[in-house]
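K.L.:
Here is a sequence with its predicted model. Questions after.
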Amino acid sequence: MAARFLVGIYTAQASMAESLKKTLAHSPFAISWSKTQTEFVQWTISNRHRIDCLVVQPAHNGTDLLHEFWARDILLPILIVSDQESVFPDASYHSAVIQITPDEINSIESKVREAINQFLQLPANKNSLTDHEDDTKDNRLFLLSLQQQRLTEKLHERLGYLGVYYKRNSQNFIRNMSLEERHEFIDQLRQDYRQIILSYFSSDDKSLNQRIDDYVNLAFFADVSISKVVEIHMELMDNFSKQLNMEGRSEEILLDYRLTLIDVLAHLCEMYRRSIPREI
């Protein structure tokens with residue numbers, strides 16, 4: 001049996017907690033209820049790599065709670081329950097946080113799935129985060145990518161490659177990016193691919209498979225073409241060839257890296273193949 005969604009819930013109001021418990025009495029979710037915000041934060045920290053979504057009704061505006069998760073680099077799908085106009089006016093966490101009113105809790109199951117879907121559609125570029133320092137952004141982008149990868153793997157298990165995982169947002173496709181965003185995204189793909197190449201034949205690098213998965217995940221959600229990946233590979237091989245020639249060394253070693261390209265393309269092609277809706 002596929003694992004259920006793990007959802008953590010904290011509400012500052014006892015009446016809201018009771019309403020949610022009734023609504024979710026027969027839900028397909030595995031739910032953890034927290035009685036205090038401190039308990040909720042500690043549970044989230046301890047289970048950050050297992051949680052699929054958080055549902056929060058904060059005592060005040062919720063900004064402090066989001067800032068605490070942000071400071072701890074905890075990036076998760078979050079659903080805020082509040083009757084205020086906005087509990088996060090400065091988008092201080094990430095741009096995929098969803099807010100609903102208490103009157104909408106009857107549709108809480110679909111809203112949780114929407115929050116997960118929104119989180120998976122976060123573009124892997126610096127515009128989706130609010131840090132001012134590039135180094136901090138790069139680190140959080142990497143963590144965001146890992147969290148998305150973890151969640152998509154769980155969705156793979158539950159949904160057989162159907163459903164939320166493949167509802168990509170076309171606004172995040174590379175062809176719909178601005179010129180500046182497109183150049184930045186392609187540069188990131190080049191840098192990530194170069195790191196894969198440099199560590200591909202290293203027996204000491206235990207993170208290679210994760211690097212490839214992250215790379216393919218970024219390319220898939222941006223709808224990057226196979227030909228663009230090949231182009232990036234050829235550009236890199238050309239640069240390496242020039243460097244080897246300058247050093248008076250043979251280029252023959254570069255032929256081995258065809259295996260790297262085949263490996264990456266195989267992963268990406270499989271994702272595209274499985275994203276095609278099955279005939280009923």
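P.N.:
Yep, that arrived. Predicted, not measured: the structure shown is a model, and the values here were computed from it.

K.L.:
what stretches of the chain score poorly on pLDDT?
P.N.:
1-3, 60-63, 85-92, 123-140, 153-168, 203, 205, 274-280 (pLDDT under 70).

K.L.:
the strands in it, which residues?
P.N.:
6-11, 30-34, 53-57, 78-81, 98-100 (DSSP state E).

K.L.:
got those as TSV, with mean neighbour count and distance to Y272 columns?
P.N.:
The way it works is simple: take the backbone N, C-alpha and C, and place the C-beta from them, glycine included. Shown next, in TSV, are the strands of the chain (neighbours: other C-beta atoms under 10 Å; distance: least, C-beta to C-beta, whole Å):
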stretch	mean neighbour count	distance to Y272
strand 6-11	23	29
strand 30-34	16	31
strand 53-57	24	27
strand 78-81	25	30
strand 98-100	19	28
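
K.L.:
Between those strands, which one is closest to L259.
P.N.:
Among the strands of the chain, the nearest to L259 by C-beta to C-beta is strand 6-11 (37.4 Å).

K.L.:
Quickly run through the sheet partners of that closest one, with directions.
P.N.:
Next to strand 6-11 in the sheet, as set by DSSP bridges, lie strand 30-34 (parallel), strand 53-57 (parallel).

K.L.:
Please dump these into JSON lines; it should also carry distance to F201 for every row.
P.N.:
Shown next, in JSON lines, are the strands paired with strand 6-11 (distance: least, C-beta to C-beta, whole Å):
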{"stretch": "strand 30-34", "distance to F201": "41"}
{"stretch": "strand 53-57", "distance to F201": "39"}
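
K.L.:
Of those strands, give the one that comes closest to S225.
P.N.:
Across the strands paired with strand 6-11, S225 has its closest neighbour in strand 53-57 (32.1 Å, C-beta to C-beta).

K.L.:
Would you mind confirming that F119 is in contact with Q148?
P.N.:
Yes. Assessed by C-beta atoms under 8 Å, F119 is found in contact with Q148 at 7.1 Å.

K.L.:
quick one on the thing from earlier: compare the strands paired with strand 6-11 and give me the one nearest L20.
P.N.:
strand 53-57 (7.5 Å).

K.L.:
Turn the strands of the chain into JSON lines, columns for distance to R194.
P.N.:
Formatted as JSON lines, the strands of the chain follow (distance: least, C-beta to C-beta, whole Å):
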{"stretch": "strand 6-11", "distance to R194": "36"}
{"stretch": "strand 30-34", "distance to R194": "40"}
{"stretch": "strand 53-57", "distance to R194": "35"}
{"stretch": "strand 78-81", "distance to R194": "34"}
{"stretch": "strand 98-100", "distance to R194": "36"}
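
K.L.:
right, and these - which one's nearest L208?
P.N.:
strand 6-11 (28.3 Å).

K.L.:
Tell me which residues are up against the closest one.
P.N.:
17, 20, 29-34, 36-37, 39-40, 43-44, 47, 50-57, 81, 112 (C-beta atoms under 8 Å, 6 or more residues apart in numbering).

K.L.:
how about the residue of the chain positioned farthest from its centre, phi and psi?
P.N.:
Distance from the C-alpha centroid of the chain peaks at G248, with 43.2 Å (C-alpha atoms, centre = their mean). Dihedral angles of G248 (phi, psi; degrees, to the nearest 10) stand at phi 70, psi 30.
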